[in-house]
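Participant: Build me a structure from this.
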Amino acid sequence: MAHIQVPEGVPGIRSLVMFRPETGQYLYELAQVLLRGESPLSEADRELIAAYVSHRNECFFCCNSHAAAARCLYGTDAGVVDGVLADMQRAPVTEKLKALLHIAGKVQVLGKEVTEEDVAAARAHGANDREIHDTVLIAATFCMFNRYVDGLASFTPTEPEAYAAMGERMATKGYVLPTPVS
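Facilitator: Predicted coordinates:
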């Protein structure tokens, strides 16, 4: 049960955004730009970064919903999502993506944990400044989203089917502000 009175049965951040749409609209716009806007990183890779950071933060809702979106976007390569969440270093992803996920993991701990060596390693595997920037911003943003969702104890479904449906919606429609509750 949420710590505040939000629409009953509406999961995760959606209920919080419906509670306070005047702030929620900006959170959704930020998610839309970061995860669906123009970027040299694929939408699938950006969703995977969000899921990875959420997994490290133990935010069940955000991890599962963004992992589901990443699976939809990866299509036949959906198994990479579970591989990264199980063991990022052994996952079947490129060395560049591993280096970017490593940076995201450092941001999840503390932004100052990211070192010149981490950035140099990402660059050595082909990452450019925009990819490094977008990775850090996605990681930092999802730390905030995870704390928002868990800090207010929003409703978190446990059924995998609920996340599959969310992932499909997020993958196809992006991040659209839900209808406010009167």
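Participant: Contact partners for Asn57?
Facilitator: Shown in contact with Asn57 (C-beta atoms under 8 Å, 6 or more residues apart in numbering): Cys63, Gln108, Phe142, Cys143, Asn146, Arg147, Asp150. C-beta coordinates here come from the backbone N, C-alpha and C atoms, glycine included.
Participant: If you drop the residues flanking it in sequence, what lies closest to the fifth one?
Facilitator: The one in question is Asn146. Leaving aside its chain neighbours, Asn146 sits nearest to Cys59 (3.6 Å; criterion: C-beta to C-beta, 6 or more residues apart in numbering).
Participant: Can you give me the neighbour number for the one you found?
Facilitator: For Cys59, the neighbour count with other C-beta atoms under 10 Å is 24.
Participant: Please apply the same query to Ala140.
Facilitator: Counted by other C-beta under 10 Å, the residues lying close to Ala140 total 15.
Participant: what does Gly83 give?
Facilitator: Neighbour count of Gly83, defined by other C-beta under 10 Å: 15.
Participant: quick revisit: show the contacting residues for the residue nearest to Asn146.
Facilitator: Neighbour list for Cys59: Phe145, Asn146, Val149, Asp150 [criterion: C-beta under 8 Å, 6+ apart].
Participant: Filter the residues you listed down to the ones in helices?
Facilitator: Among the contacts of Cys59, the members found in helices (DSSP state H) are Phe145, Asn146, Val149, Asp150.
Participant: Considering those, which is situated nearest to His55?
Facilitator: Asn146 (9.7 Å; C-beta to C-beta).
Participant: Low-confidence ranges, this protein, go.
Facilitator: Along the chain, the model assigns pLDDT under 70 to residues 177-182.
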